[in-house]
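Q: Sequence and predicted structure are below.
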Amino acid sequence: YSKPLDEYDYIIVGGGTSGSVIAARLSETKPRAMVLVLEAGKPEMLLTDVPALVPYLQLTDYAWPYTMEHQPGVCLEQRCYSPRGKALGGSSVTDYMIYTRGRPQDWDRIAADGNYGWSYEEVLQYYKKSERSELKKYKNAPYRGRDGELSVENVPFKTGLVEAFLQAGRNLGHPTIDYNSPDQLGFGYVQTTTNKGHRLSSAKAFLHDHKRRKNLHILTEARATKVIVEPQTKRAYAVEYIKDGKKHTVRCRREIILSAGPIASPQLLMLSGIGPQEHLQTLGIPVIANLQVGRHLYDHIAFPGVIFKLSTTNASLLEPKVATLPNLMQWLQFGDGLLTSPGSVEALGYLKTSQSYHDKVPDIELISLGGSINFDAGGAYRKSAKISDKTYQTAFGPLNHLDTWSGVPVLLQPKSKGYLELRDTNPYSHPKIYGNYLTDAHDMATLLEAIKYVIRLGESEPFRKYNAQLYLPEYPACKHDALGSDSYWECAVRTMAVSARHQVATCRMGPPTDVYAVVDPELRVYGVEGLRVADSSTIPRPITAHTGTPSIMIGEKAADMIHRTWSNVVA
């Protein structure tokens, strides 16, 4: 949309995973409210639709290339890398498309903390509202949605390795399940937000058919730089943004909704004078509201270094086999074939180590890949994990072009807590992000237990037909540790662990008694009128899910709460 108005009923900052949903819902009710979406990124293109291209997309200008501040003892190569989507559709344009909702206990704990309206029973309706389940086996389950815009499918293409993984799980007592059912300890085929083998981003699902609504204006490549708040009344009434190098201000009659994600939403709040008082004063930013913005940051970390070498050829996914013209034609024409594999992810397993806080809640997710980090012999997979070429070639070079299987453990319930703050007052600077990964010994103990479990799976009977042999990479940083020892694996984790890019809690939701809360249970920013935050930054504690699907649910629930607030107002 090229000519925005001077004033709107609602302004949504960030047309991403949750922002796309909010924009669609706020613009669909009668009487029609005027809705503006400000999105810093650009629209998608055909290549973003190809599920197999995930690692490559994270190296393009469809991603904000966020890097953490230096932290000794993790991501030994350099600072941990955590790209976020920069597109209409946000991270749903660059992520692995994995559909996960989290456990009922996750949401019940959040509700028990004083966040009314957020129990599993209460959020389930919003998960169902957006979902159109195309999962043959689970399509009619009472907890699945059938009439929403978001198609959820099993991946059309699978290697035989996924059957070995699921059988190995069953042999060790883990049933094959729908991991989005309320009872979720077990293994299952990955479920993805795809439509007939094509990526279905939040923008495609929720905005595509509504772009022509006269009351919905979408500005892409428009960078919000400040929310303007009336200092006396503390009411948010306008947003400043830059487009084509020019600064603009647009006013808002009802509410401004920040859905810029777990890094950019807190950054924008702080640039607008909403954040920790001392930090803002240090930078000379006038304080509008003294809130603990950015002071909590939880993230899942993953370890892609448990790899088995297979003696069978053509068992796994390797770039020369996948990136072919016939495969492209098959994907374009029929929406199936090797290019439908989301970055080689084939199945997920949820398990509980001895470290878990609850007997029904997993603390580890296992991602079964139809291959491993050697997929493209040190290309995009290596680069998107920010592993240096030297370390890659020393550790994984011997695997190049060989068939492999990898089970990647993801730490779901980290105790380690990071934070973020402004680097300076320039809205174009990335904030300083301190991941503080693995600073709590509990997290390393959990990962080591998970690594041993993956090894048990790979050494079990179902993988024997592939003659699977555990491969122990020789990391330059770990040469003093005996291969395969606990100290070796600990060193390997510190070298190779990567952010799963699931940051939460930077604009933490909580009741008024929670001193760290930034928004209340209706996502309204404390002490500021007419301003809400609605994205994964509001999730107050780690959950057992990839954060894309919960962000869509938050968008649905936020739109509903906003409707209720304004339902008696005549436009």
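A: Ah, there it is. Residues are numbered from 1 along each chain as shown.
Q: Determine whether the claim that L36 is in a strand is correct.
A: Yes. Judged by DSSP: H, G, I helix; E, B strand; the rest coil, L36 forms part of a strand.
Q: Pretty sure it sits against N215.
A: No. Using CB atoms under 8 Å, L36 is not in contact with N215; the gap is 9.9 Å. Any C-beta I mention is one placed from the backbone N, CA and C, and that applies to glycine too.
Q: Please say which of those two ends up with more neighbours.
A: Comparing L36 with N215 by other CB atoms under 10 Å, the one with more neighbours is L36, at 27 against 19.
Q: Leaving out chain neighbours, which residue sits closest to that one?
A: What sits nearest to L36 in space, not counting adjacent residues and going by CB to CB, 6 or more residues apart in numbering, is Y8, at 4.3 Å.
Q: Give the helix, strand or coil label for Q330.
A: Q330 ends up helix, using three-state DSSP.
Q: Please apply the same query to G145.
A: coil.
Q: That one: what's it in contact with?
A: Applying CB atoms under 8 Å, 6 or more residues apart in numbering to G145 gives the contacts 127-133.
Q: how about 6 Å then?
A: Counting by CB atoms under 6 Å, 6 or more residues apart in numbering, G145 makes contact with 128, 131.
Q: Quick check: phi and psi on it?
A: Backbone torsions for G145, taken as degrees, to the nearest 10, come to phi -100, psi 150.
Q: Now do the same for it: its pLDDT.
A: G145 carries a pLDDT score of 96 in this model.
Q: Where in this protein is the helix or strand with the lowest mean pLDDT?
A: helix 380-384 (a mean of 79; mean pLDDT, DSSP states H and E).
Q: Which elements pack onto it?
A: Helix 380-384 makes packing contacts with helix 54-57 when contacts are defined by 3 or more CB pairs under 6 Å, 6 or more residues apart in numbering; DSSP states H and E.
Q: per-residue confidence averaged over the helix it packs on?
A: So the average pLDDT for helix 54-57 ends up being 89.
Q: for the helix or strand following that helix, the distance to its chain's centre please.
A: With elements assigned by DSSP states H and E, the helix or strand that comes after helix 54-57 is strand 63-64. Distance, stretch centre to chain centre, for strand 63-64: 13 Å (CA atoms, centre = their mean, to the nearest Å).
Q: Pairing partners for the following helix or strand past strand 63-64, with directions?
A: Under the assignment DSSP H and E, the closest C-terminal helix or strand after strand 63-64 is strand 84-85. Paired strands of strand 84-85, with direction, are strand 63-64 (antiparallel) (DSSP bridges).
Q: Give me the contact list for stretch 507-525.
A: By CB under 6 Å, 6+ apart, stretch 507-525 touches 114-117, 265-266, 291-293, 296, 531-534, 537-538, 540, 558, 561.
Q: again, 7 Å this time
A: For stretch 507-525, contacts defined as CB atoms under 7 Å, 6 or more residues apart in numbering pick out 113-118, 265-266, 269, 274, 291-293, 295-296, 526, 531-534, 537-538, 540, 558, 561.
Q: I'd like to know which of those are buried.
A: Using 16 or more other CB atoms under 10 Å as the burial test, those include 113-115, 118, 265-266, 269, 274, 291-293, 295-296, 526, 531-534, 537-538, 540, 558, 561 as buried.
Q: Just the ones of those residues in helices?
A: Per DSSP state H, helices hold the following members of these: 265-266, 269, 558, 561.
Q: Out of those residues, give me the two with the largest separation.
A: By the measure CB to CB, P266 and M561 form the most distant pair in those, at 20.6 Å.
Q: List the buried residues of the strand ranked longest in the chain.
A: Ranked by residue count under DSSP state E, the longest strand found in the chain is strand 246-258. Buried residues in strand 246-258, counted by 16+ other CB under 10 Å: 248, 250, 252-258.
Q: Out of the residues you listed, the closest to G197 would be?
A: For the buried residues of strand 246-258, the nearest to G197 is I257 (32.7 Å; CB to CB).
Q: mind checking how far that closest one is from G555?
A: 9 Å (CB to CB, to the nearest Å).
Q: Could you do D183 as well?
A: For D183, the distance to G555 - CB to CB - is 26 Å.
Q: Tell me which of the two has more neighbours.
A: Taking other CB under 10 Å, D183 and G555 do not tie; G555 has more neighbours (29 against 12).
Q: can you count the residues close to the closest residue to the more buried one other than its chain neighbours?
A: What sits nearest to G555 in space, not counting adjacent residues and going by CB to CB, 6+ apart, is V21, at 3.2 Å. Residues lying near V21 (other CB under 10 Å) number 32.
Q: Wasn't V21 part of a strand?
A: No. Assessed with three-state DSSP, V21 is helix; it does not lie in a strand.
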